[in-house]
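>>> Sequence first, predicted coordinates after that:
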Amino acid sequence: MHHQALRFLMVGATTVAIDFVVYRLLHLAGLPLTPAKTVSFVVATVCAYLLNRSYTFGARGGPRVVAGFVALYAVALLVNVSVNAVALALLPDGPLRITGAFLCAQAVSSTLNFIGMRHIVFTDREA
């Protein structure tokens, strides 16, 4: 589990960076924050599936794995966007408000994702 957690963190750091860059670029291009966050989360999710399946968990693909991953990430998307919206409402205006809300949402959904991937989605690991 230790190696999986380290790999998950490396993949996570990469996908968080992708998520954040897309989020900020979309917002700077004029998209409101919640739709920008939704799109950025989906883009990062595709990257996360590919990297976590092969690198982190060494699992086979297939319809069951894809369906489980999509279901997990659908829940994580709702959690992520909801936490982001709540944090935006609670944090004071300032230069770190958007970044702080993003990081709060990411922490909650990342924890949910690791537990779900390890114990539900990628349970059929390759030898």
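Happy to help now that I have it.

>>> only C-alpha atoms for contact and neighbour calcs from this point on.
OK.

>>> Below-threshold pLDDT in this protein: ranges please.
124-127 (pLDDT under 70).

>>> Tell me where it has helices.
2-28, 33-51, 63-90, 97-116 (DSSP state H).

>>> what packs against the first one?
It stands for helix 2-28. In terms of contacts (3 or more Cα pairs under 8 Å, 6 or more residues apart in numbering; DSSP states H and E), helix 2-28 is packed against helix 33-51, helix 97-116.

>>> tilt between that helix and helix 33-51?
150 degrees (axes from the mean of the first three to the mean of the last three Cα atoms, to 10 degrees).

>>> tilt between helix 2-28 and helix 97-116?
Relative orientation of helix 2-28 versus helix 97-116 (the same axes, to 10 degrees): 150 degrees.

>>> To residue 90, which of the helices and strands packed on helix 2-28 lies closest?
helix 97-116 (9.0 Å; Cα to Cα).

>>> CA atoms of that closest one as PDB?
Output in PDB follows, covering the C-alpha atoms of helix 97-116 (Å, rounded to 0.1, in the frame of the first residue of the first chain):
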ATOM      1  CA  ARG A  97      -9.600  32.800  -2.100                       C
ATOM      2  CA  ILE A  98      -9.900  30.900  -5.400                       C
ATOM      3  CA  THR A  99      -6.700  28.900  -4.800                       C
ATOM      4  CA  GLY A 100      -7.800  28.100  -1.200                       C
ATOM      5  CA  ALA A 101     -11.200  26.900  -2.300                       C
ATOM      6  CA  PHE A 102      -9.500  24.800  -5.000                       C
ATOM      7  CA  LEU A 103      -7.200  23.200  -2.500                       C
ATOM      8  CA  CYS A 104     -10.000  22.400   0.000                       C
ATOM      9  CA  ALA A 105     -12.000  20.700  -2.800                       C
ATOM     10  CA  GLN A 106      -9.000  18.800  -4.000                       C
ATOM     11  CA  ALA A 107      -8.100  17.500  -0.600                       C
ATOM     12  CA  VAL A 108     -11.500  16.100   0.100                       C
ATOM     13  CA  SER A 109     -12.000  14.500  -3.400                       C
ATOM     14  CA  SER A 110      -8.500  13.100  -3.500                       C
ATOM     15  CA  THR A 111      -9.000  11.200  -0.200                       C
ATOM     16  CA  LEU A 112     -12.300   9.900  -1.500                       C
ATOM     17  CA  ASN A 113     -10.700   8.800  -4.800                       C
ATOM     18  CA  PHE A 114      -7.800   6.900  -3.300                       C
ATOM     19  CA  ILE A 115     -10.000   4.900  -1.000                       C
ATOM     20  CA  GLY A 116     -12.500   4.200  -3.800                       C
END
